[in-house]
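Asks: pasting the sequence and the predicted model now:
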Amino acid sequence: MLRGVGGWSGVVRGAIVGVAAGGAGLAVGELGAVLTGEASSPGVAVGQWAISLTPTWLEQWAIRNFGTHDKRMLLLGVYVVLALVSAAAGVLARRHLTLAGYVAAAFGVVGMVVAVARPDAGPSYLFPSLLAGIAAVLVLRWLTILSLQDTDAGGGPAERRRFLASLVGTALVAAVGGFGAKAWIDSRYDAEPAREAVKLPEPEAVLPEPPASVHPNVPGLGPFFTPNAQFYRVDTALTVPQVDPDTWKLRIHGMVDRPFEITFEELLKYGFEEHDLTLTCVSNPVGGSLCGNARWLGTPLAPLLRRAGVQAGSDMILSTSTDGMTIGSPVEAVLDGRQAMLAVAMNGEVLPIEHGFPCRMLIPGLYGYVSATKWVTDINLTTFASSSAYWTQNGWSPQGPVKTASRIDVPNDNATVSAGNVVLAGTAWATHRGIAGVEVQIDSGPWQTTALATADTPDTWRQWSYTWAGATSGNHTVKVRATDGTGMLQTSAVQDVVPDGATGYHTINVQVS
Ligand SMILES: Nc1nc2c(c(=O)[nH]1)N[C@H]1C(S)=C(S)[C@@H](COP(=O)(O)O)O[C@H]1N2
Ligand SMILES: [Mo]
């Protein structure tokens, strides 16, 4: 079978030619996407499509193992698959040039189909993959013919030089063109300059800083407010949406009497409030770190809904972001008096691009997947019975109130500490209900009350500390549990994150020496 392609050296040559042709196609696709935007490039479009096909368990595994790098790993996977298919097409081309050309063309067609199927796509999204497919076919044909002229009887040093020069030249041009185009796209569609130009509105009343006693001041315990750069991130988008505040609009419509649309400039004329709120992810495992606390500046969402006039019977806010994410939140949670808001700033800074610039939704008491739409542009009043949002289509519960959780942050799991007095510290949250107590248990001893730091708001986490007196050498386990502001004890029942949040007591091992 290998005879037809020229033995093993033919296979290797074919594979290299195929990868070069695939790379040239990708590079041309990137160049095309300079005109039509990053999301339309074949690599990104296929990657985004792969995300939508990823089952929840695999997504959870990726988040656990690669964290915020999970997207990078996915793109890498897409490129590896593409390289393998290209290599196979290159080998095939030595024998069936036309057939291999169809494989290369299929690469362009798949890119076109998935790019144009994106929620934010227009017909221009067809363009980069179309060019990519054409380039891949032409380069594959050209290099294969040169390669065969070299290996065929009659090929001499001149043919070999011509083939090698063409191959190396193609690879160089593809690399420079592809990475250059990527850099060009990144700078052309960067919302950072616009973000830096935003002048934040003044809050109607100044919210005083919480007292220093909100933090137990234990070395190694994270700060009360999570710095923006350390704040956890959950995005399904392969690339962070770059939204221009000058063209951003928010539409409120659906089951309302007076639908309307506002620009960012108009939004900033509404009344603004500061509010301290802990945001947490339903995918956070027991003891996990997908939780952060910040001071947000936002305009209350309830008056906006009242302006639109929510009709009787509507119980769901279906919000959509520029990248097509949909999030379903209960109308009641926004209208019951809690500080649900459209936020434009986080910890005193204009909302970072990764956290939803120019505007995101926040509803205290609910996990992010049912409340915290980033890059939000559309609020549709509808019903839970008639609509379902992105995550609920992936096996998550339509309702996502935050469950009471507590965590030991100091010492680390499996840390070694010296015998005697050992300081334990951590945090606990039951967003919107507040935390009334945190207890720890050493081995199978009695539950001990810890020292709670001062509460900021019921919407924020509450840090705690405890001095474990007279710790004796050996291996010990430490467990933590909290009681929320309504007096409910955190459940010890162990449940995984799907469908509505993990439960169970965070437990660590401590080696006392
Ligand atoms: N547009 C958009 N909004 C989103 C998400 C997303 O992937 N895309 N993830 C949600 C989830 S699951 C959570 S927990 C929070 C996380 O917000 P953060 O990334 O600012 O921490 O945003 C929510 N809003
Ligand atoms: Mo989340």
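Replies: Structure's in. What do you need? Numbering: from 1, shown residues only. Ligands and ions are numbered 1, 2, ... in the order given.
Asks: what score does residue 76 have for pLDDT?
Replies: On pLDDT, residue 76 comes in at 87.
Asks: in the stretch 1-150 of the chain, what residue is nearest ligand 2?
Replies: For the stretch 1-150 of the chain, the residue closest to ligand 2 is residue 63, as judged by C-beta to the ion, at 9.5 Å. In short, each C-beta sits where N, CA and C put it, glycine included.
Asks: swap in the chain?
Replies: residue 281 (3.2 Å).
Asks: contact partners for that residue?
Replies: By C-beta atoms under 8 Å, 6 or more residues apart in numbering, the contact set of residue 281 is 232, 234, 290-291, 367-369.
Asks: swap in 7 Å and give it another go.
Replies: 232, 234, 290, 367-368 (C-beta atoms under 7 Å, 6 or more residues apart in numbering).
Asks: and it, how close does it get to residue 352?
Replies: Separation of residue 281 from residue 352 (C-beta to C-beta, to the nearest Å): 17 Å.
Asks: I'd say residue 447 and residue 466 touch.
Replies: No. Applying C-beta atoms under 7 Å as the test, residue 447 and residue 466 come out as separate, 11.0 Å apart.
Asks: please say which of the two ends up with more neighbours.
Replies: residue 466 (24 against 14; other C-beta atoms under 10 Å).
Asks: name the residues of stretch 336-356 that come out as buried.
Replies: Along stretch 336-356, these residues count as buried under the neighbour rule (16 or more other C-beta atoms under 10 Å): 338-347, 350-356.
Asks: then stretch 63-73?
Replies: For stretch 63-73, burial by neighbour count (16+ other C-beta under 10 Å) applies to 63, 70-71.
Asks: what do you get for stretch 414-421?
Replies: Neighbour-count burial for stretch 414-421, counted by 16+ other C-beta under 10 Å, picks out residue 417.
Asks: ok, residues contacting it?
Replies: Residues outside stretch 414-421 that contact it (C-beta under 7 Å, 6+ apart): 411, 467, 469-473, 509-513.
Asks: and the stretch 201-350 of the chain, which residues reach ligand 2?
Replies: With the criterion set to C-beta under 5 Å from the ion, the stretch 201-350 of the chain comes near ligand 2 through 234, 281.
Asks: cutoff 6 Å now
Replies: Taking C-beta under 6 Å from the ion as the test, the list of the stretch 201-350 of the chain residues beside ligand 2 reads 234, 281-283.
Asks: same check on the chain?
Replies: 234, 281-283, 367-369.
Asks: report whether the helix or strand bottoming out on mean pLDDT in the chain contacts ligand 1.
Replies: The weakest-scoring helix or strand in the chain, judged by mean pLDDT, DSSP states H and E, is helix 56-66 (a mean of 77). No. Judged by C-beta under 6 Å from any ligand atom, helix 56-66 stays clear of ligand 1, getting no closer than 10.0 Å.
Asks: what is the subsequent helix or strand relative to that helix?
Replies: Counting by DSSP states H and E, the next helix or strand C-terminal to helix 56-66 is helix 70-93.
Asks: helices or strands up against that following helix?
Replies: Judged by 3 or more C-beta pairs under 7 Å, 6 or more residues apart in numbering; DSSP states H and E, helix 70-93 is in contact with helix 7-36, helix 42-53, helix 56-66, helix 97-116, helix 126-151.
Asks: what comes up buried for stretch 165-172?
Replies: Neighbour-count burial for stretch 165-172 flags 166-167, 170-171 (criterion: 16+ other C-beta under 10 Å).
Asks: mean confidence score for it?
Replies: On average, stretch 165-172 scores 96.
Asks: swap in stretch 411-423?
Replies: On average, the pLDDT along stretch 411-423 is 97.
Asks: just the terminal-to-terminal distance for that stretch.
Replies: Start-to-end span of stretch 411-423 (C-alpha to C-alpha, to the nearest Å) is 8 Å.
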